[in-house]
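Undergrad: Need a 3D model of the following:
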Amino acid sequence: AVVGGQVMHLLSVLENGDEHIRHKIFPAESVTSISIQADSPNALAFAKGILNPLLVGDSLKKSDGRVLWHVEFSKKKTEVQLEQLNKTGQTCIQRDLRRREIRIWGEPVARERAMAEI
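TA: Prediction:
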């Protein structure tokens with residue numbers, strides 16, 4: 001839901017542009033798939049370049065660009081705190097214990113606010 005509106009807006013902008021890009025959405029219960037078609041490989045690469053950062057999210061990073069991870073992030077209390085931040089509805093924050101990273105989705109301003117709170 002956090003990213004859905006942004007994706008739909010970008011898809012409509014791409015479809016109405018000069019790139020001749022078409023899309024189809026296949027909603028499902030837990031995962032939604034998006035098929036993107038274009039008249040040229042360059043147009044498809046353009047669409048992917050626009051959509052990919054939004055779909056992948058931002059990784060919580062230090063000022064030097066390295067992924068920020070602290071042992072506290074693996075504790076249950078951090079999971080509860082992240083769930084509280086998710087309840088605002090402006091961002092979606094998930095921690096990946098295996099990769100040792102926290103990913104954030106949402107509008108740029110909301111992502112920055114969430115990063116500052118973490």
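
Undergrad: When you work out contacts or count neighbours from here on, use the C-alpha atoms and nothing else.
TA: Noted.

Undergrad: list the helices and strands the lengthiest helix in the chain packs on?
TA: Ranked by residue count under DSSP state H, the longest helix found in the chain is helix 41-56. Judged by 3 or more C-alpha pairs under 8 Å, 6 or more residues apart in numbering; DSSP states H and E, the packing partners of helix 41-56 are helix 4-15, strand 21-26, strand 33-38, strand 101-106.

Undergrad: which residues sit against the longest one?
TA: Outside of helix 4-15, the residues within contact range by C-alpha atoms under 8 Å, 6 or more residues apart in numbering are 20-23, 47, 50-51, 54.

Undergrad: now the residues you listed as JSON lines including neighbour count, pLDDT and distance to M8?
TA: Below are the contacts of helix 4-15 laid out as JSON lines (neighbours: other C-alpha atoms under 10 Å; pLDDT from 0 to 100; distance: C-alpha to C-alpha, whole Å):
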{"residue": "H20", "neighbour count": "14", "pLDDT": "78", "distance to M8": "16"}
{"residue": "I21", "neighbour count": "21", "pLDDT": "84", "distance to M8": "13"}
{"residue": "R22", "neighbour count": "17", "pLDDT": "85", "distance to M8": "12"}
{"residue": "H23", "neighbour count": "14", "pLDDT": "83", "distance to M8": "10"}
{"residue": "A47", "neighbour count": "21", "pLDDT": "85", "distance to M8": "13"}
{"residue": "I50", "neighbour count": "15", "pLDDT": "79", "distance to M8": "12"}
{"residue": "L51", "neighbour count": "16", "pLDDT": "81", "distance to M8": "10"}
{"residue": "L54", "neighbour count": "19", "pLDDT": "75", "distance to M8": "11"}
